[in-house]
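**Student:** need coordinates for the following:
(chains A, B, C, D, E, F, G and H, ligands or ions: 10)
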Amino acid sequence: MANKLLDKVEIPQDRYEMRFSGSGGQGMILATVMLAEAIGATDDRNVVQSQSYGPEARGGASKSDVVISANEIFYPKAMQLDFLLVMTQESMDKYYSDLKEGGILVVDTTLVTDIPTDNYYGLPFTRLAREEAGHIMVANVIALAAIAEITGIISKDALTAAVLKRAPKGTEEKNKKAIEIGFAEAAKLKKQKGS
Amino acid sequence: MANKLLDKVEIPQDRYEMRFSGSGGQGMILATVMLAEAIGATDDRNVVQSQSYGPEARGGASKSDVVISANEIFYPKAMQLDFLLVMTQESMDKYYSDLKEGGILVVDTTLVTDIPTDNYYGLPFTRLAREEAGHIMVANVIALAAIAEITGIISKDALTAAVLKRAPKGTEEKNKKAIEIGFAEAAKLKKQKGS
Amino acid sequence: MSNTGSDSTADSKQAPKASGKFKWQQGDPLPLEINMKWCKACNICIALCPKQVFEPDRDGKPVQARPEDCTLCTICWVHCPDLAITSSYK
Amino acid sequence: MSNTGSDSTADSKQAPKASGKFKWQQGDPLPLEINMKWCKACNICIALCPKQVFEPDRDGKPVQARPEDCTLCTICWVHCPDLAITSSYK
Amino acid sequence: MATAVKEKQKSNVVLDYLRPGKAMPTVWCAGCGHGIVMNGIIRAIDKTGLSKDEIVMASGIGCSSRMPIYLDFNALHTTHGRSLAFATGVKFARPELKVMVVTGDGDALAIGGNHFIHACRRNIDITCILLNNYIYGMTGGQGSPTTPSQAFSTTTPYDNAEKHFEPTKLAIAAGASYVARTTVYHAPQMEKLILNGLLHRGFSLIEVISNCHTYFGRLNRQGDAVKMINDFKERSVPIARAKSMSAEELEGKIVTGLLHKKETTEFCDVYQSVVDRVQKGM
Amino acid sequence: MATAVKEKQKSNVVLDYLRPGKAMPTVWCAGCGHGIVMNGIIRAIDKTGLSKDEIVMASGIGCSSRMPIYLDFNALHTTHGRSLAFATGVKFARPELKVMVVTGDGDALAIGGNHFIHACRRNIDITCILLNNYIYGMTGGQGSPTTPSQAFSTTTPYDNAEKHFEPTKLAIAAGASYVARTTVYHAPQMEKLILNGLLHRGFSLIEVISNCHTYFGRLNRQGDAVKMINDFKERSVPIARAKSMSAEELEGKIVTGLLHKKETTEFCDVYQSVVDRVQKGM
Amino acid sequence: MAKKERVLVLGNQACVEGAIYAGMRFYAGYPITPSTEVAEGCARELPKIGGRFIQMEDEIGSIAAVIGASVAGLKSMTATSGPGYSLMVENIGYAYMTETPCVIVNVQRGGPSTGLPTKVSQSDTMQAQWGPHGDYTAITVAPSTILETVTETIRAFNLAERFRTPVTVLLDEVMGHSRQIISLPEPGEIEIFNRVKPTVSPEEYLPFEITENYVTPMPAYGEGYRYVITGLTHDQKGFTTNKPEEIAPKLHKLRHKIIDYKDEITKLRAEMMDDAEIAFISYGSVSRAALQATDIARKVGVKVGCLQLQTIWPFPDKEIAEICGGCRKVIVGELNMGQIVNYVRSALPGDIEVVPLQRYDGEILTPMQLIEKLEEVL
Amino acid sequence: MAKKERVLVLGNQACVEGAIYAGMRFYAGYPITPSTEVAEGCARELPKIGGRFIQMEDEIGSIAAVIGASVAGLKSMTATSGPGYSLMVENIGYAYMTETPCVIVNVQRGGPSTGLPTKVSQSDTMQAQWGPHGDYTAITVAPSTILETVTETIRAFNLAERFRTPVTVLLDEVMGHSRQIISLPEPGEIEIFNRVKPTVSPEEYLPFEITENYVTPMPAYGEGYRYVITGLTHDQKGFTTNKPEEIAPKLHKLRHKIIDYKDEITKLRAEMMDDAEIAFISYGSVSRAALQATDIARKVGVKVGCLQLQTIWPFPDKEIAEICGGCRKVIVGELNMGQIVNYVRSALPGDIEVVPLQRYDGEILTPMQLIEKLEEVL
Ligand SMILES: Cc1ncc(C[n+]2csc(CCOP(=O)(O)OP(=O)(O)O)c2C)c(N)n1
Ligand SMILES: Cc1ncc(C[n+]2csc(CCOP(=O)(O)OP(=O)(O)O)c2C)c(N)n1
Ligand code: SF4
Ligand code: SF4
Ligand code: SF4
Ligand code: SF4
Ligand code: SF4
Ligand code: SF4
Ligand SMILES: [Mg+2]
Ligand SMILES: [Mg+2]
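**Tutor:** Ligands and ions are numbered 1, 2, ... in the order given. Down below sits the predicted model:
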């Protein structure tokens, strides 16, 4: 009778579970907040966002989960990831195993070199931010835009509105540019991967 | 079956229960401490002393109980008084009913005028202190000495030693005098009462 | 136990001078009413009265022994910790 | 945000003068050892060095670009919040 | 809030301010200086013309802190040391009330030291009357932060190894804008300093040196109430005179009068201006 | 307790004092001034010639209070605000130890204000280094008792309606016998003031103005670490010069140097003399 | 009615929204992780509506100011976490004794001591009832979702005002720091209880009257009713007393005004309990895992139910016994080493097995851990 | 051996005598009725033996200084009453977390809040286990006579040092303020446990090692073992950790070092329990009334016994069940509204009726009240 129940049960399929992971300063939490707000403003889906901090108050690893569902969301944290964004090698090592088979993996190839699968979307978000968008700070927004393009989870307009709502004053243009870059680069990549 | 048990039980007769009662400044606690110490220094009887404070930190009614027994003293407070000293009318009104039938009542007749029984030892301790011993503060010691004489609970020597141990420096003579007065007046009284 | 101050202007007047106008006469009600229930016989009024108006009674409570000397200077009643002194003259 | 002091003797020497004796030569080990693992690229050493010895690398961490100008004045290492700078010359 | 200063006052005005139903006499020992302060506080309040309803009198725990129970104001007898924090809540919630705090040297400066310096810092409009008797009266004569070095108390039985605070100095350094000191001997001055403290907008501290002959007096052989009060008289020096005296000359002296006054903004007022600005969308 | 003051010091001496096994780098943000203070404290301690075993470093909670964890002394990382009380226990129990406290403006002056003034009052031999960054760094940028009026923080989003403490003024009023101020810009001066604080017998306070650019700097548009540190330089005035400046001229300035020093008895010493006296039966 | 706006709300901010909805106009607090956003939210929001925010020098001062503001007439709140709550207990006891309404939010983190500032825990549950010294009866509510954080905070204020007592809202780090898209309640949607004011004259008014239904009207300072508020044991007039015959009734009131009205206070969410053979009992963020686990297990036919305690104190023993009466076993999930599980055990008859499931490593219980335990006891 | 000297000792002074006997050399405290005589006794006695007494600015500082002195190597104590204990709970939690031995005496008075400073109560019993936030396991002892106050204080120090933990001594106003003629224990008569010091080198030393029997040696500051003491959750080296796999073992240790050794900690006095059909269960001063009542009732043939708990926490449930196994009923007498009675109920099988007898009016239970209750349930 051992594990009879555990063998049978299934994690509910009405939940779409996403995790954004990276290091303290990379704005993972903010990115998920923007994503959650974008969804909240658009349709009736339920969204829960939560995070956990690294061992110290500042710096260290950082992860933020978003769960999206048409139904009531009971458990607020991810159980089996449908989607994973990794921005550092540390988070790759830590969280890759939480991604379910067939889940989508998006990787910042600027900083992550050791990727345990071939099935992923890789873009150099940090480099793109520094070199194309003019500031390393918007790497998260580029990633967010790319994710929107890859997963189709949210429209460009809704995302732009949500990003601008949260972006500090004076950074609007940089953020808009970041969104453009993200969508464009992801579109290219999708094409490459031949979808 | 109501009160069957309560009707049968008896308060143990191996306890001698005394209460000294008066107002805040009259030194009732100190008097019982002196008495307890005198007994402790003399023989093997067990002694417990306890007190309760009036409604306010200072002033108000004050009572102090001493329980003496040859056996282990369980309950530290008096249950049925064998002896009661009252130094104020208020304490007379409050505690007289706690005195058991046949118990000894000693009264400071300077301040207590309304005495619900004829069977008592009355001496004007406060007046004696003021007029004979030279200071109102030693009224408690006069009372203590009188009690020793009346009850025979402790010898004059033992009492004198205990009083002098606790008396503030410089008051030795007054206290010795107080003891003399107490013993002498009580002896007179006893004779009067014809024992 | 040094209490040195600092700064700003000084301000330390003593009790105001007695008015000098009040003069008690035999037959008048006594200058002061003393609430014997509240009085705790602390002796302060007796000691501070500049005119030695009071004597202590057997319990140490103030008795107006020399009412004719009272100037209603206020000292006794502003210093009574038990609010036991008032005057119907003031 | 005024911080006015009071009392007693003053005491506010600035950083000691560089000794002026040290002169780095091509081929010598660099004047400073910088612990790149501890360094957090705060830019303080770079900005405070009176001789502009440093340039930031791609990550913003200090590189000794002009070692010959270094006087071992101590400023960079006493100001490094991460204890990342030492010198085997001193 | 009417603040017309009354000039004439009847001797029996004190009786008008006693709480109905609370039996006098007080719990205080015969001759306790705290009663003299209560007497003075009533007279000062009466002169302000404030209605009883407008006045909140908060206190902590201690003999001194019992005062609000006897007086017919809104009384807040709180926990030991915390009265200024409670009072800050009252005042900030309803700035139109006149908030007074009556506290002891232990209450204000030992356990309550932090609230004391922060109330000074905020310069919140509270009138704080500190009854300094150099000891914990209520608990039976333990040393307090104002117990002089080498004085005796039940917890300094071989004399006090600690140094003591000067509450007024601390208050000034912390930011109080009205700071005064007097003694129970100086009853008219006390009344006036309290009155002016009440009229001052900002944090005012009036330290009143009070006699606890029962403990401090007895343990330090300073005699009874009368002797201690007369001693305050002997040892007092008005601030004007103190200014020209040396530190040695001032040793053991009690400097009396208004020690410090500063015109500056008050906390509730400044906060109100923030609220106004925010509500106007600025 | 060896206290021969070393003159020469190698640049890598700091490495000798890091706790084995505790991984650097620190938790602090890049450029946090607290690291500069740690650097200076090590150098000062090294100069005293004290052995590591003789040193106890206590702290409370805050970014600043993390310091003892990195250093190879007897470390006592306590509760928020209470480090001086814990340290008082350590010092009084074993007066032969050199006890230091590292604390923040929130830790020492908000929740810890009472222990602060009482440690000053007792003049107990503790060297207290107060890292004043005008804000609560650890919890993310709330106002502290040193946050200037009208400055921004996450709890003063419309600017600060409160006034701020000057910690050194408070310490002097409370009785501290060695009181100094410097900034992280003035690293050599800092080292010297700390060294002299360590050599002083009695309570010493060294306030070091430190940069929290992450919160205070960002919320008040004061720029990054470098900008803030340079700003400290601009705004500093040595005490000697400050004495001849007016209050207006000193507005916004940071007066640096040894502000106050008083020769007086130390608490543990006085208590010991009491013990000696009692034991001799006097 | 127009469609309600949907907003993303942080748990701690939900608490602020609920409080303001309930009429809170005074906040005093001292920052502490993971509750700080409650203070920051109040600092931002209160001036907008003419309310007052003050950051006090410490938590002791915070709760003191809250009580002061409440007696001055404003609905008042503070928020903290374990270490701060520990510092508050003396003055929380004062609020019990003086019957002063106020709300204390404890966003729990790992303990004991400074413990784990950024990690979740439910280890302050017993403290919410037993922290302050002396006898009193606590009310404690515990939401488990962001929306419930709004509504339970409102309920906390209503209970505080109705019963003239401090009320604790127990959140935890996961609740305080997660966000959810919700619609806030519209004005009027949820009933607000306002303090009952005296109708008698000041002369007749008894500030601590022991009325039949234990509702004692409470004026604000300045409204003409001048009375004594003291933490010393007092009679109905508010005067201190040492008389046994006055002491006992006062303490009796403090208890019975709450436990005699437990029905008004107790709130539970029972899901799929009707035919449940096994029940998960939990509160706070664990209930979300429990609901999830119930949902998952039901899908494969296990007769399991989920009982969430929204009221923790007074402990809903009677209600638990009723709802779980048909169960063979109950699994009590907590993020601590066993706190309410002992109360559940006392509440249930001996033939219902009570199985503890405890996690105390800084992480929350997952649905799968609950299901594993379920399997174990099946 | 010469006859021992008989002296009249005040309860609070008995506590000082016991502490000094146990090796206490440091006292920090803040006066509060009815505990003040403990401080005053220490102020007088400690200088005589080279110990140190300090009156701190408040109770928070007092317990902080006590912990500081303990890590510096001295056996340390503080004494207070309810309001002071409430203020101490944050730092008592720190002592649990840092495993610092110390003794806290609570001379109970009536609560809640300032309550009844001069009146007896036992209403802080639950607080002794549940006051501080977070999970930990408390040790609490409760004497009932003056002599026991000496011996239980000694035991408290022994337990504190043996288990590296704070220990609470619960007294009450009646115990603290009554006097009895007793003979103090002679030197050597009672065994003293002294702190175990490390024998390994500083490099090998793990200050919070989880050893097999949970004894972790503890050096004093200055002895060459330089380590970190922190209230943050830490690993065996003392370094802060956020790792679940290190957090859980630390908390596990805090609990199991106590409950696995409960036999060493539990102490009970059972009188006439062998054939008892009804038992009085009590602690502190109530036990004296219970013993008296037992004595009286036995004389008229009632089969009643008396069980006094000298250890209250960890709760001696197993032992109570054993000793009371033959009883039909137990009467639990407490000076509160019902605190340990709930634990007794949980400890006993359902067929033993648990009858509460509570008094909370500032007076102690009398033998006659116990006998009345006995009659009621006979
Ligand atoms: C938390 C707490 N600690 C201690 C006490 C005991 N206590 C009551 S009053 C007092 C000292 C009062 O001294 P002070 O403020 O100087 O007032 P005084 O009685 O001298 O007027 C103390 C220590 C208490 N009530 N509460
Ligand atoms: C009792 C308690 N209250 C609040 C906190 C939360 N807390 C931790 S650090 C801190 C402020 C630290 O500020 P500061 O001392 O200035 O240090 P900094 O981080 O700025 O160096 C606060 C409020 C706590 N840990 N404990
Ligand atoms: S001052 Fe007042 S209390 Fe004192 S003796 Fe005079 S009347 Fe009585
Ligand atoms: S009013 Fe003045 S003169 Fe008259 S009795 Fe009083 S103190 Fe003496
Ligand atoms: S000061 Fe130190 S941490 Fe900062 S950049 Fe230079 S080496 Fe790096
Ligand atoms: S030692 Fe001085 S000159 Fe050399 S790099 Fe450092 S700061 Fe520049
Ligand atoms: S003990 Fe001292 S302070 Fe208290 S009432 Fe008596 S004299 Fe006044
Ligand atoms: S938050 Fe501020 S104080 Fe804390 S480490 Fe960063 S810069 Fe330093
Ligand atoms: Mg005092
Ligand atoms: Mg700071």
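
**Student:** so where's the stretch 1-150 of chain G uncertain?
**Tutor:** The stretch 1-150 of chain G contains residues with pLDDT under 70 at G:1-2.

**Student:** if we use 80, what do you get?
**Tutor:** Residues of the stretch 1-150 of chain G meeting the criterion pLDDT under 80: G:1-3.

**Student:** so where do the strands sit in it?
**Tutor:** Secondary structure of the stretch 1-150 of chain G, counting by DSSP state E, counting those that start in this stretch: strands at G:7-10, G:24-29, G:52-55, G:75-80, G:102-110, G:116-120, G:139-141.

**Student:** give me the contacts around the longest helix along chain A.
**Tutor:** Longest helix in chain A by number of residues, with DSSP state H as the criterion: helix A:172-193. Helix A:172-193 is contacted from outside by A:121-123, A:125, A:128-129, A:132-135, A:137-138, A:141-150, A:156, A:159-160, A:163-164, A:167, using CB atoms under 8 Å, 6 or more residues apart in numbering or on different chains. (Each C-beta comes from the backbone N, C-alpha and C, glycine too.)

**Student:** which among those end up buried?
**Tutor:** For these, a burial check counting by 16 or more other CB atoms under 10 Å in any protein chain shown picks out A:121, A:123, A:125, A:128-129, A:132-133, A:137-138, A:141-150, A:159-160, A:163, A:167.

**Student:** in helices, which of those residues fall?
**Tutor:** Those of those lying in helices (DSSP H): A:125, A:128, A:141-150, A:159-160, A:163.

**Student:** average pLDDT across stretch C:49-63?
**Tutor:** Across stretch C:49-63, the average pLDDT comes to 95.

**Student:** pull out the buried residues from that stretch.
**Tutor:** Residues of stretch C:49-63 classed as buried by neighbour count (16+ other CB under 10 Å): C:49, C:53-54, C:61-63.

**Student:** is that stretch in proximity to ligand 3?
**Tutor:** Yes: contact of stretch C:49-63 with ligand 3 (CB under 6 Å from any ligand atom) involves C:61-62.

**Student:** quick check on the residue in chain G that chain C sits nearest to: phi, psi?
**Tutor:** With CB to the nearest CB, the shortest gap between chain G and chain C falls at residue G:239, namely 17.7 Å. With angles defined as degrees, to the nearest 10, residue G:239 sits at phi -80, psi 140.

**Student:** stretch E:148-155 close to chain B?
**Tutor:** No: remark: stretch E:148-155 sits outside contact range of chain B, by CB under 8 Å from any CB of the partner chain, the gap being at least 14.4 Å.

**Student:** dump that stretch to PDB, keeping only the CA atoms.
**Tutor:** Provided in PDB are the C-alpha atoms of stretch E:148-155 (Å, rounded to 0.1, in the frame of the first residue of the first chain):
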ATOM      1  CA  PRO E 148      23.300  60.900  44.100                       C
ATOM      2  CA  SER E 149      26.600  59.000  44.000                       C
ATOM      3  CA  GLN E 150      27.400  57.700  47.500                       C
ATOM      4  CA  ALA E 151      23.800  58.100  48.800                       C
ATOM      5  CA  PHE E 152      22.100  55.200  50.500                       C
ATOM      6  CA  SER E 153      19.100  53.300  49.400                       C
ATOM      7  CA  THR E 154      18.000  49.700  50.000                       C
ATOM      8  CA  THR E 155      19.800  48.600  46.800                       C
END
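
**Student:** tell me which helix or strand the residue nearest the centre of chain C sits in.
**Tutor:** When CA atoms, centre = their mean is applied to chain C, the residue found nearest the centroid is residue C:76 (1.2 Å). In this structure, residue C:76 is located in helix C:75-79 according to DSSP states H and E.

**Student:** please see if the very next helix or strand once past that helix touches chain E.
**Tutor:** Per DSSP H and E, the first helix or strand lying C-terminal to helix C:75-79 is strand C:85-86. Yes: using CB under 8 Å from any CB, strand C:85-86 reaches chain E at C:85-86.

**Student:** strand C:85-86: how far from the chain's middle?
**Tutor:** Put simply, strand C:85-86 sits 8 Å off its chain's centre (CA atoms, centre = their mean, to the nearest Å).

**Student:** neighbouring strands for that strand, and are they parallel or not?
**Tutor:** In the sheet, strand C:85-86 lines up against strand C:33-34 (antiparallel) (DSSP bridges).

**Student:** show me the contact partners of the next helix or strand after the strand it pairs with.
**Tutor:** Following strand C:33-34 in sequence order, the next helix or strand is helix C:44-48 (DSSP H and E). The contact list for helix C:44-48, computed with CB under 8 Å, 6+ apart, reads C:54-56, C:62, C:75-77, C:79-81, C:85, E:31, E:36, E:225-226, E:229-230.

**Student:** swap in 6 Å and give it another go.
**Tutor:** C:54, C:56, C:62, C:75-76, C:79-80, E:31, E:225-226 (CB atoms under 6 Å, 6 or more residues apart in numbering or on different chains).

**Student:** keep only these that also lie close to ligand 9.
**Tutor:** For ligand 9, no contacts are drawn from the contacts of helix C:44-48 by CB under 5 Å from the ion.

**Student:** farthest pair in the residues you listed?
**Tutor:** Within those, C:56 and C:75 form the most distant pair, 17.0 Å apart (CB to CB).

**Student:** and the residue of the stretch 251-378 of chain G that's closest to chain E?
**Tutor:** For the stretch 251-378 of chain G, CB to the nearest CB, closest residue to chain E: residue G:254, 17.0 Å.

**Student:** give me the number of residues near the nearest residue in space to that residue that is not next to it in sequence?
**Tutor:** Leaving aside its sequence neighbours, residue G:254 sits nearest to residue G:136 (CB to CB, 6 or more residues apart in numbering or on different chains; 5.2 Å). Using other CB atoms under 10 Å in any protein chain shown, the number of residues around residue G:136 comes to 24.

**Student:** of all of the stretch 51-200 of chain E, which residue lies closest to chain G?
**Tutor:** residue E:89 (2.6 Å).

**Student:** next SSE after the helix or strand where that residue lies?
**Tutor:** Taking DSSP H and E as the definition, residue E:89 sits inside helix E:83-93. Once helix E:83-93 ends, the next helix or strand along the chain (criterion: DSSP H and E) is strand E:98-104.

**Student:** what packs against that next one?
**Tutor:** Strand E:98-104 sits against strand E:55-59, helix E:83-93, strand E:126-132, with contacts defined as 3 or more CB pairs under 6 Å, 6 or more residues apart in numbering or on different chains; DSSP states H and E.

**Student:** and ligand 8, which of those is closest to it?
**Tutor:** Nearest of the helices and strands packed on strand E:98-104 to ligand 8, taken as CB to the nearest ligand atom: helix E:83-93 at 27.2 Å.

**Student:** now the angle from the closest one to strand G:102-110?
**Tutor:** In terms of direction (axes from the mean of the first three to the mean of the last three CA atoms, to 10 degrees), helix E:83-93 departs from strand G:102-110 by 120 degrees.

**Student:** name the helices or strands packed onto helix E:83-93?
**Tutor:** Using 3+ CB pairs under 6 Å, 6+ apart as the test, helix E:83-93 ends up in contact with strand E:55-59, strand E:98-104, helix E:113-122, helix G:59-71.

**Student:** quick one: that helix near ligand 1?
**Tutor:** No: Helix E:83-93 does not reach ligand 1 (CB under 6 Å from any ligand atom); its nearest approach is 10.0 Å.

**Student:** gap between that helix and the chain center?
**Tutor:** Worked out by CA atoms, centre = their mean, helix E:83-93 lies 16 Å from the chain centre.

**Student:** one more: stretch A:75-94?
**Tutor:** Using CA atoms, centre = their mean, the offset of stretch A:75-94 from its chain centre is 9 Å.

**Student:** contact partners of it?
**Tutor:** Contacts for stretch A:75-94 (CB under 6 Å, 6+ apart): A:11, A:16-23, A:26, A:48, A:50, A:61, A:65, A:98-100, A:103-108, A:111-112, A:143, G:178, G:288-289, G:292, G:367.
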